[in-house]
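Undergrad: Need a 3D model of the following:
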Amino acid sequence: MKKTKHHRKPRVLGGNGDKKNISIIPDHLHKAYHLLFGEGNPHRIAFLLNEYYIDPDYIVVVERRGE
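TA: Have a look, this model is predicted:
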């Protein structure tokens, strides 16, 4: 199975190549992610999940990690 690097914080949004910002994932999942979410920020992704994809009895909440 082909694997690819996924920038958790997209480069277009200021992400970099640091190890903590890269996930190695199957290529088909990487393509599916970008097809669904583009280069969306976490709030946009949560909105799309809540609006269209998940059980309406649940809600996805995005919260910035404490630094």
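
Undergrad: what does the top helix by length along the chain contact?
TA: For the chain, the helix that runs over the most residues, judged by DSSP state H, is helix 27-37. By Cβ atoms under 8 Å, 6 or more residues apart in numbering, the residues outside helix 27-37 that reach it are Met1, Lys2, Lys3, Thr4, His6, Arg44, Ile45, Leu48. For every residue, glycine as well, the C-beta is placed using N, CA and C.

Undergrad: Reformat these as CSV; add secondary structure.
TA: Below are the contacts of helix 27-37 laid out as CSV (DSSP: H, G, I helix; E, B strand; the rest coil):
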residue, secondary structure
Met1, coil
Lys2, coil
Lys3, strand
Thr4, strand
His6, strand
Arg44, helix
Ile45, helix
Leu48, helix
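
Undergrad: Can you lay out those as TSV showing distance to Leu35?
TA: As requested, the contacts of helix 27-37 are exported to TSV (distance: Cβ to Cβ, whole Å):
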residue	distance to Leu35
Met1	18
Lys2	17
Lys3	18
Thr4	14
His6	13
Arg44	15
Ile45	13
Leu48	12
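
Undergrad: Which of these are buried, as a ChimeraX select command?
TA: The buried subset of the contacts of helix 27-37, as determined by 16 or more other Cβ atoms under 10 Å, is captured in ChimeraX by this line:
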select :6,45,48
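
Undergrad: and the closest residue to Ile24 other than its chain neighbours, what does it touch?
TA: Leaving aside its chain neighbours, Ile24 sits nearest to Lys3 (5.2 Å; criterion: Cβ to Cβ, 6 or more residues apart in numbering). Lys3 makes contact with Ile24, Ile25, Pro26, Asp27, according to Cβ under 8 Å, 6+ apart.
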